[in-house]
Each structure stands twice: as structure tokens, then as C-alpha cells.
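Participant: got a sequence here, can you model it:
(one chain, ligands or ions: 2)
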Amino acid sequence: MDMHPDLEQVLFSRERIAARVAELGRQISDDYRNGNLLLVGVLKGAVVFLADLMRAITIPHRFDFIRASSYGKGTTSSGYVMLSGQIEHHLADYDVLIVEGIVDTGRTIEALTREFTRSGARSLEVCSFLMKKRARAVPVVCRYLGYEVPDRFVVGYGLDYDERYRHLDCVGILRREVYEL
Ligand code: 5GP
Ligand code: MG
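Facilitator: Residues are numbered from 1 along each chain as shown. Ligands and ions are numbered 1, 2, ... in the order given. Below you'll find the model as predicted:
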């Protein structure tokens with residue numbers, strides 16, 4: 001299939017993504033077989049990953065969402081993370097697994113960890129589909145990780161630039177010309 005013209009390079013094809021998500025699903029199903037698993041997807045970037053991941057998990061589980069934003073329209077983090085939306089579950093009853101699309105500075109995960117710890121989650125781990133290979137402002141322990149990516153702006157598989165490209169079934173590096181005027 002032809003690459004989207006705004007992409008410089010495809011990093012992960014639909015097939016590679018599916019294979020990795022299946023592995024993560026198996027691992028999570030095994031690790032949480034005696035737990036009470038609640039996936040908390042980070043809106044909006046993690047929606048596509050969460051939808052695939054939950055169907056790769058073979059044990060009973062629930063899911064919920066929280067909204068986090070730090071990038072606004074740009075391609076670099078503002079450093080300030082805003083959380084919004086209401087978790088419907090009583091976190092003290094659950095083994096919470098944060099499901100994120102991509103970890104960059106680590107600040108989003110830091111804010112979520114603080115929030116869910118305060119809410120009394122029974123246990124708390126992170127599953128991110130992607131993680132940038134770079135020095136993080138805040139260290140993040142990702143128990144489940146799909147792939148590492150270079151320190152470039154990537155889109156697709158739920159990840160956007162200005163709300164575009166979320167629907168792409170691959171993950172690719174966005175051409176600089178698209179956001180550098
Ligand atoms: P952090 O708080 O770790 O710096 O960044 C996490 C959030 O920044 C992600 O949830 C995502 O919304 C956004 N982000 C970071 N890097 C990228 C990227 O390369 N592409 C896209 N589309 N979003 C990114
Ligand atoms: Mg975004």
C-alpha cells in the first residue's frame with residue numbers, strides 16, 4: 001500500500017503493530033489472571049491502541065478513560081499536563097493499567113500516577129504503545145512497551161498532529177514541512 005504523502009518514513013506497519021499488540025495482550029492476560037484488571041486509556045491518542053489491546057486480552061477486565069493534554073496544536077510538550085474527565089470506577093477495587101499511546105517527557109504518566117495513587121488504586125502499572133528514545137524529564141517505568149521510537153514527531157494509530165492522521169493504520173514520522181512553516 002502507498003505511504004501517506006505527509007509521512008517521511010513508516011516505522012511500524014499494520015502487520016507489525018498487530019503482532020506486537022497480540023504479544024502484549026498475552027503477557028497482560030498472564031500477569032493479571034489473579035487480579036482485577038482495569039485499563040485506563042489516555043484520551044485521545046490511546047483510543048486505537050486500547051481498542052486493539054482489549055481484544056487481545058483474554059481475561060475478564062474493564063476499561064475507562066481519562067483525558068490528558070500537554071501538546072495543544074504543536075509538536076513539542078508545553079511541560080504542563082492538564083487532566084480532565086471522570087473515571088467511573090472506584091480505583092481502590094482495581095489493578096489499574098494505564099494505557100498510553102506514546103511516552104515522551106514522562107510528564108503525562110507522572111501526572112496520571114500521582115492522580116491514581118491519590119485515588120487509591122490497588123496496583124498501578126503503565127502500558128504504552130510507543131516510547132521515545134531520549135532523556136526523559138521524569139523517569140517512567142513502562143511495564144509493557146510496544147516499541148521504542150526515535151526522537152521525532154510520529155503520527156498514526158491514534159496519534160495526531162492537530163487532530164489529523166489518527167486514522168492511519170501504521171505509525172510513521174511526519175514530514176517536517178507539514179509543521180514547520
Ligand atoms: P509526555 O507527557 O510524556 O511528554 O508526552 C505524552 C503525550 O505527548 C502523548 O500522550 C502524546 O499526546 C504527546 N506526544 C508526545 N510525543 C508525540 C509524538 O511524537 N507524536 C504525537 N502525535 N504525539 C506525541
Ligand atoms: Mg496530540
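
Participant: what stretches of this structure score poorly on pLDDT?
Facilitator: Scanning the chain with the threshold set as pLDDT under 70 gives 1, 71-73.

Participant: for it, what lies in contact range of ligand 1?
Facilitator: Contacts of the chain with ligand 1, taken as C-beta under 6 Å from any ligand atom, map to 42, 45, 70-71, 77, 100-108, 153-155, 159-161. In this view, the C-beta of every residue, glycine as well, is placed from N, C-alpha and C.

Participant: report the buried members of these.
Facilitator: For these, a burial check counting by 16 or more other C-beta atoms under 10 Å picks out 42, 45, 70-71, 77, 100-108, 153-155, 159-161.

Participant: and the helices in the chain?
Facilitator: Using DSSP state H, the helices of the chain run over 14-31, 47-56, 107-118, 176-179.

Participant: does ligand 2 sit close to the third one?
Facilitator: The one in question is helix 107-118. No - contact of helix 107-118 with ligand 2 (C-beta under 5 Å from the ion) is absent, the minimum separation being 10.6 Å.

Participant: tell me what that helix is packed against?
Facilitator: strand 37-43, strand 62-69, strand 82-84, strand 95-103, strand 123-132 (3 or more C-beta pairs under 8 Å, 6 or more residues apart in numbering; DSSP states H and E).

Participant: list the contacts of the second one.
Facilitator: Looking back up the chat, that one is strand 62-69. With contact meaning C-beta atoms under 8 Å, 6 or more residues apart in numbering, strand 62-69 is reached by 37-44, 50, 54, 81-85, 87-89, 94, 99, 108, 111-112, 115.

Participant: next, the buried residues of it.
Facilitator: So for strand 62-69, counting by 16+ other C-beta under 10 Å, buried means 63, 64, 65, 66, 68, 69.

Participant: mind checking how far the last one is from residue 84?
Facilitator: By that I understand residue 69. The gap separating residue 69 from residue 84 is 8 Å, by C-beta to C-beta, to the nearest Å.

Participant: what of the third one?
Facilitator: Summarising the geometry, the distance separating residue 65 from residue 84, computed by C-beta to C-beta, is 10 Å.
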